[in-house]
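> Here's my sequence, what's the structure:
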Amino acid sequence: MDMLKKNQEVTLRIDDLGNNGEGIGHMDGYALFVKGALPGEIIRAKIMRCKKNYGFAKMTEILQSVDAGRVEPRCPVAGKCGGCTLQHLAYEKQLAYKQKKVMECLVRLGGVDEETVEWLPIYGMDEPWHYRNKAQFPIRMQKDEWGENCPVSGFYVERTHNIIPVTDCVIQHPCMKEILELVLSWMQEQHVPAYDEENHSGLVRHIYIRHAHYTGQIMVCLVLNSRELHPEQRKALVAKLTQIHGVASIFLNINPKQTNVILGEEMELLWGEEYIEDRIGDIHYHISPQSFYQVNPMQTEKLYQTVLEFAGLSGGETVWDLYCGIGTISLFLAGGAKKVYGVEIVPEAIQNARKNACLNGIGNVEFACGPAEEIVPKMAEKIRSTGNLMAEEENRGVARTGLADVVVVDPPRKGCDGALLDTIGEMAPDKIVYVSCDPATLARDVKVLGAKGYRVNKVRAVDMFGQGGHVESVCLLHRTDS
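Residues are numbered from 1 along each chain as shown. Okay, here's the model as predicted:
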């Protein structure tokens, strides 16, 4: 086949969906990824970028339509915004795609025997709209229809830092529209400039909002380029935001660095409480601005119930929860375990976790701060060196046969550190419950754990991100000699 070239027009049959929901077609074995295309469709596409073995194309026309589940997106900027990638696909088809993606990754990349695994049906959402409880909106100055510079909020165009102005996002909680519009009006009234990335000037970089599903409490945080917000401007901001029912805390975050990292190191409480409160099941949580907390509260409860079911606790087990965040899974498991140890790298999250344990009157949980791959080996070494599992003050509920009966891991998208997987192998728990937000890194780590004597027993996918390509999954592994 002749080499494809940029701007070349091609006719393409779409065979499958990629990792982020983009259509995949092939021309003599050369893969083309086409955003917005669906399997079974024959399309006309324009080549945008070519690499050695694959390329990217833009769909210009659907030549032949099939019953692929195509629907009209609800959002007027769907397809332009880099957020939702599957609004054009019926929700039941989204669920089938995500279930298939998890299974295929584990079988193809993880070496899992498809016939020996119990593949439980995916947990879908009852209402896959307006479900997100957290958003970070970049703010920039752009010309309006009259040519005047004004602040806008929105989302980045995919693979760029160009903003598509949006205040009403169909997957965010409705309260966020009102907050965005109030902050933007405050910026205009108070002559507060938005951040300019190129010149590293201006003031407001992001508006960061969290909403507690069960309590209705709202946290608003303005990320600023400097501390140069005058007292009168601060007072006017508080007056605006406290008009909104549910606003419980207002923060200023100072991030003067030229970086893509959203939050800076300095956090100032401008008004209200230092946290908002929410619950998952019967467990209540205090959530600070830096705390990791799942963005979909209704599905999170299903996710954690699956973790609890897979752990199969009877009351006498010692559980380690690695990458524990603010203790959400740790506290969920504590009621069925003898002892739970949580490990997390973010100091503020560990502070929240300890407060959350006190808030719920849970005494059989301990939390340690640091990288899990460093903290666990140190504790394991202490166990080996003492010869009696742990020092007396730490030896409450540790399993008689080893450091852990059950290990739960909920790592970031990059998966588990290799040293941590080695340590888990040395801990030799009977069960590992792996919570994953990326099937590919889950498969990679499952393959490593397989070489350490663990076999996948059950898998359930949970849709936390309706209208997008990502999916959470819970995987139960058993030690084969247990």
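> Can you identify the element that follows the strand or helix carrying L63 toward the C-terminus?
When elements are defined using DSSP states H and E, L63 is found to belong to strand 54-64. Moving toward the C-terminus from strand 54-64, the first helix or strand encountered (DSSP H and E) is helix 91-108.
> My guess is C81 contacts Q87. True?
No. The pair C81 / Q87 is not scored as a contact, 9.6 Å apart, by Cβ atoms under 8 Å. Placement of C-beta: from N, CA and C, glycine included.
> Spell out which residues are contacts of both of those two.
Common neighbours of C81 and Q87 are listed as C75 (criterion: Cβ atoms under 8 Å, 6 or more residues apart in numbering).
> can you pull out the helices in the stretch 301-450 of the chain?
Listed from the start of the chain, the stretch 301-450 of the chain has helices (DSSP state H, counting those that start in this stretch) covering 328-334, 347-359, 372-386, 418-427, 439-451.
> out of the ones you listed, which comes closest to C50?
Closest to C50 of the helices of the stretch 301-450 of the chain is helix 439-451 (Cβ to Cβ; 23.5 Å).
> Run the angle between that closest one and helix 91-108 for me.
Following axes from the mean of the first three to the mean of the last three Cα atoms, to 10 degrees, one obtains 30 degrees for the angle between helix 439-451 and helix 91-108.
> Helix 439-451: which residues count as buried?
With burial defined by 16 or more other Cβ atoms under 10 Å, the residues of helix 439-451 counted as buried are P439, A440, T441, L442, A443, R444, D445, V446, V448, L449, G450.
> Show me what counts as buried in the following helix or strand past it.
Read in the C-terminal direction, the helix or strand following helix 439-451 is strand 454-462, with elements assigned using DSSP H and E. The neighbour-count criterion (16+ other Cβ under 10 Å) identifies Y454, R455, V456, K458, V459, R460, A461, V462 as the buried residues of strand 454-462.
> Strand 454-462: partners in the sheet, and parallel or antiparallel?
Each strand that pairs with strand 454-462, with its direction, by DSSP bridges: strand 118-123 (parallel), strand 472-479 (antiparallel).
> got a list of contacts for that strand?
98-99, 102-103, 106, 110, 112, 116-123, 299, 302-303, 306, 310, 432, 446, 450, 471-480.
> go on, stretch 67-81?
Residues lying outside stretch 67-81 but in contact with it, judged by Cβ under 8 Å, 6+ apart, are 35-36, 38-41, 84, 87-90, 92-93, 129, 154-158, 164, 166, 169-170.
> circling back to that earlier point, tell me which of C81 and Q87 has more neighbours.
Neighbours of C81 and Q87, each counted by other Cβ atoms under 10 Å, are more numerous for Q87; the result is 25 against 20.
> I'd say that one and G466 touch.
No. Contact status for Q87 versus G466: not in contact, 9.3 Å apart, counting by Cβ under 8 Å.
> Now for these two: what residues contact both?
Taking Cβ under 8 Å, 6+ apart as the criterion, Q87 and G466 do not both touch any residue.
> For I250, list each beta-bridge partner.
Taking DSSP bridges, one finds V220, W271 as the beta-bridge partners of I250.
> same thing with F137?
For F137, the beta-bridge assignment (DSSP bridges) gives partners I207.
> Give me the neighbour count for the residue nearest to K98 when sequence neighbours are not counted.
Taking Cβ to Cβ, 6 or more residues apart in numbering as the measure, K98 lies nearest to V471, with 3.9 Å between them; neighbours along the chain are not counted. Residues within reach of V471, counting by other Cβ under 10 Å, total 22.
> Return the backbone torsion pair for V471.
V471 has phi and psi values of phi -150, psi 140 when expressed as degrees, to the nearest 10.
> residue contacts, it?
V471 makes contacts with K98, K101, V102, I122, C437, P439, A461, V462, D463, M464, F465, as judged by Cβ under 8 Å, 6+ apart.
> in stretch 229-249, what counts as buried?
The neighbour-count check on stretch 229-249 (16+ other Cβ under 10 Å) flags L229, Q233, R234, L237, V238, K240, L241, V247, A248, S249 as buried.
> Now do the contacts for the closest residue to the last one other than its chain neighbours.
Computed as Cβ to Cβ, 6+ apart, the closest residue to S249 that is not its neighbour in sequence is G272, at 3.9 Å. Taking Cβ under 8 Å, 6+ apart as the criterion, G272 is in contact with V247, A248, S249, I250.
> The closest residue in space to the first one that isn't next to it in sequence and A239, how far apart?
I take that to be V247. Among residues not flanking V247 along the chain, I218 sits closest, at 4.7 Å (Cβ to Cβ, 6+ apart). Plainly put, I218 is 16 Å away from A239 if you go by Cβ to Cβ, to the nearest Å.
> swap in A451?
Using Cβ to Cβ, one gets 61 Å for the distance from A451 to A239.
> swap in K257?
If you measure K257 against A239 using Cβ to Cβ, the figure is 30 Å.
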